[in-house]
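[1] what would the 3D arrangement of this be:
(chains A and B)
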Amino acid sequence: MSLLHALLAIVLRDAKLGWVGGGGAALPAAFFAGASALAPFALGPDPQLLTKIGPGFLWLALALSALVSLERLFQGDLEDGTLDQLALSGIPLTLVVAAKVLGQWLAAGAPLVIISPILALLLQIPPHAIPALMLNLALGGLGLFFIGSIPAALAAGVRRGGLLAALLALPLYAPPVIFGAAAASAAASLGDFGGQPFLLLCAFTLAALATAPPAAAAGLRLHLS
Amino acid sequence: MITALANPQRFMALSRSLLPWLAGLAVALFAIGLPWSLFIAPPDYQQGDAARIMFVHVPAAWMSMAVYMTMAAAAISFLVWGHVVADVAVKTAAPLGAAFTAIALITGSLWGQPMWGTWWVWDARLTSVLVLFFLYLGAMALRGAMDDETKAGKACAILVLVGVINIPIIKFSVDWWNTLHQPASVFRAGGPAIDPSLLWPLLVMALAFTIAFAAMLVVGMRGEILRRRVIALEMRRARG
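    I've put the predicted structure just below:
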């Protein structure tokens, strides 16, 4: 029971640290909105074109948002010694990592899901697809944050770690972006939850939840010793 | 044998006597394989002489995978048993693998231009090889960014192993995403679909690439071990 309490405290701490200061939850949401709003400027305002590429572009914006937040995942806690304290606390580092990623997702991933209906309307995605799209972005974002924790851990404490983490994350992000964008497109055109690609996205997210924390913990241990 | 080779001293002694044989064998195989594949083997009945780029393209593509598997095996050996020579192998193999992958991508592009009418298509195989190229670049960049040799080696080994788990997922996702490239025609159930007159030079070239990789790996590893020795000596002298 005390372990669960401790993990919940870590989740809430990371979420709160993300929410307070520096624009809080509005900032990741604004980044997501800004990246999405660039699409019509770059590709033209043609509604039919936007309907076709809108879901894919939202996924691109989601992946970029996740990449941008990777740097902050462990860097701050590594520099000020919080991670050393957490490692000494007796809680398995794998669970600490999972709790931190969940907190990070609450602070920087969930806001994107909340504002996604507005962006969906701006990108001419039919309103009936919005519930499916929100579920898609929520689960997909969780997968992106978890799988991204591996490069974030490896690149923590490295000069220009953010750029390095983005390079390392690119191969890991290819499968979820493929499945997620396909599922979002299917949801927008067919009106269901995205069918097979959505199931594949769920499978990827589950696999990321299971495999990323131990790998990220192994990476973090290098910087702790 | 792995444990015996884990001793850098023994590795240096063994590799010194092995290297001339490896290098000689690689040169001999290329001396047979290159003229055979570029001049003697019959031109393809559809693609003519342009298909000869296959004899470079296909072995390079095989090596891009084989080198990654070599790296992964060395990464496990370093992480589990802490063999330093294995770390040296991971470090040396990464740029070699990236080079083979780049050769596969470039020759594929040169081959694709006359055959498919385009330098690049986002087809499944091309895309997964491109992603593999980024895995190599990531491993090299991660090592380059860290000062501590042991830490960098361990971080790199973890990344390589994460990549190994991900390669099948990437492969599946990209296959599922799009398929235009021809399916595998050598390693498949029911025997090769390629004519023996083309298959044999291809296999010789594949062996030549493999032995050349082994020779370059050994040269690179020897260089890296000597470099680390020099650094250790300089540190000792600096301490006085």
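[2] so what's the gap between the host helix or strand of residue A:54 and the chain middle?
    Assigned by DSSP states H and E, residue A:54 falls within helix A:47-79. Chain-centre distance of helix A:47-79: 7 Å, with CA atoms, centre = their mean, to the nearest Å.
[3] that helix packs against which elements?
    Here helix A:47-79 touches helix A:26-43, helix A:82-88, helix A:93-108, helix A:110-122, helix A:130-155, helix A:161-190, helix A:195-224, going by 3 or more CB pairs under 8 Å, 6 or more residues apart in numbering or on different chains; DSSP states H and E. For the C-beta atoms, the positions are set from N, CA and C on the backbone; glycine is no exception.
[4] how about it: buried residues?
    Going by neighbour count (16 or more other CB atoms under 10 Å in any protein chain shown), the buried part of helix A:47-79 is A:50-51, A:53-75, A:77-78.
[5] please identify the residues of chain B in proximity to chain A?
    B:127, B:131-132, B:134-135, B:137-138, B:141-142, B:145-146, B:151, B:154-155, B:158-159, B:161-163, B:165-166, B:169-170, B:172-174, B:176-177 (CB under 8 Å from any CB of the partner chain).
[6] what's the neighbour count on residue A:44?
    Number of residues near residue A:44 (other CB atoms under 10 Å in any protein chain shown) recorded here: 9.
[7] and it, what pLDDT?
    Model confidence at residue A:44, given as pLDDT, is 83.
[8] apart from its neighbours in sequence, what residue is nearest the residue in chain A that chain B sits nearest to?
    Using CB to the nearest CB, the single residue of chain A nearest to chain B is residue A:175, 3.8 Å away. Leaving aside its sequence neighbours, residue A:175 sits nearest to residue B:173 (CB to CB, 6 or more residues apart in numbering or on different chains; 3.8 Å).
[9] helix or strand: which one has that neighbour?
    Using DSSP H and E, residue B:173 falls in helix B:149-177.
[10] residues of that helix that come out buried?
    Those would be B:151-164, B:166-167, B:169-171, B:173-174, B:176-177, for helix B:149-177 by 16+ other CB under 10 Å.
[11] worst-scoring helix or strand of chain B, pLDDT-wise?
    Between all helices and strands in chain B, the lowest mean by mean pLDDT, DSSP states H and E belongs to helix B:2-5, at a mean of 65.
[12] so what's the residue in chain B positioned nearest to chain A scoring on pLDDT?
    Closest contact between chain B and chain A, by CB to the nearest CB, is at residue B:173 (3.8 Å). Confidence at residue B:173, expressed as pLDDT, is 80.
[13] that one touches residue A:179, doesn't it?
    Yes. Counting by CB atoms under 8 Å, residue B:173 does reach residue A:179; the two are 6.4 Å apart.
[14] buried ones in stretch A:113-124?
    So, applying 16+ other CB under 10 Å, buried residues of stretch A:113-124: A:113, A:115, A:116, A:119, A:120, A:123, A:124.
[15] now do the contacts for the third one.
    When you say that, I think you mean residue A:116. By CB atoms under 8 Å, 6 or more residues apart in numbering or on different chains, residue A:116 lies in contact with A:32, A:58, A:130, A:133, A:134, A:137.
[16] then the helix or strand where residue B:137 lies to CSV, C-alphas only?
    If you go by DSSP H and E, residue B:137 is part of helix B:124-145. In CSV, the C-alpha atoms belonging to helix B:124-145 read as follows (Å, rounded to 0.1, in the frame of the first residue of the first chain):
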residue,chain,number,x,y,z
ALA,B,124,8.1,-0.7,-47.0
ARG,B,125,11.6,-2.1,-47.4
LEU,B,126,13.2,1.2,-48.3
THR,B,127,11.6,2.8,-45.3
SER,B,128,12.6,0.2,-42.8
VAL,B,129,16.3,0.3,-44.1
LEU,B,130,16.1,4.1,-43.7
VAL,B,131,14.9,3.7,-40.1
LEU,B,132,17.8,1.2,-39.6
PHE,B,133,20.2,3.9,-40.8
PHE,B,134,18.8,6.2,-38.2
LEU,B,135,19.3,3.5,-35.5
TYR,B,136,23.0,3.4,-36.5
LEU,B,137,23.3,7.2,-36.5
GLY,B,138,21.6,7.3,-33.1
ALA,B,139,24.0,4.8,-31.6
MET,B,140,27.0,6.7,-33.0
ALA,B,141,25.6,10.1,-31.8
LEU,B,142,24.9,8.8,-28.3
ARG,B,143,28.4,7.5,-27.9
GLY,B,144,29.9,10.7,-29.3
ALA,B,145,27.9,12.8,-26.9
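[17] give me the helices and strands touching that helix, please.
    helix A:130-155, helix A:161-190, helix B:54-81, helix B:84-116, helix B:149-177.
[18] that one to helix A:195-224, inter-axis angle?
    Here helix B:124-145 runs at an angle of 20 degrees relative to helix A:195-224 (axes from the mean of the first three to the mean of the last three CA atoms, to 10 degrees).
[19] where does the chain dip in pLDDT?
    Assuming you mean chain A. Scanning chain A for pLDDT under 70 picks out A:1, A:21-24, A:225.
[20] oops, wrong one, chain B.
    B:1-5, B:45-46, B:178-193.
[21] circling back to that earlier point, can you give me how far the helix holding residue B:137 is from the chain middle?
    Distance, centroid of helix B:124-145 to centroid of chain: 12 Å (CA atoms, centre = their mean).
[22] list the buried ones in that helix?
    So helix B:124-145, judged by 16+ other CB under 10 Å, has buried residues B:124-143, B:145.
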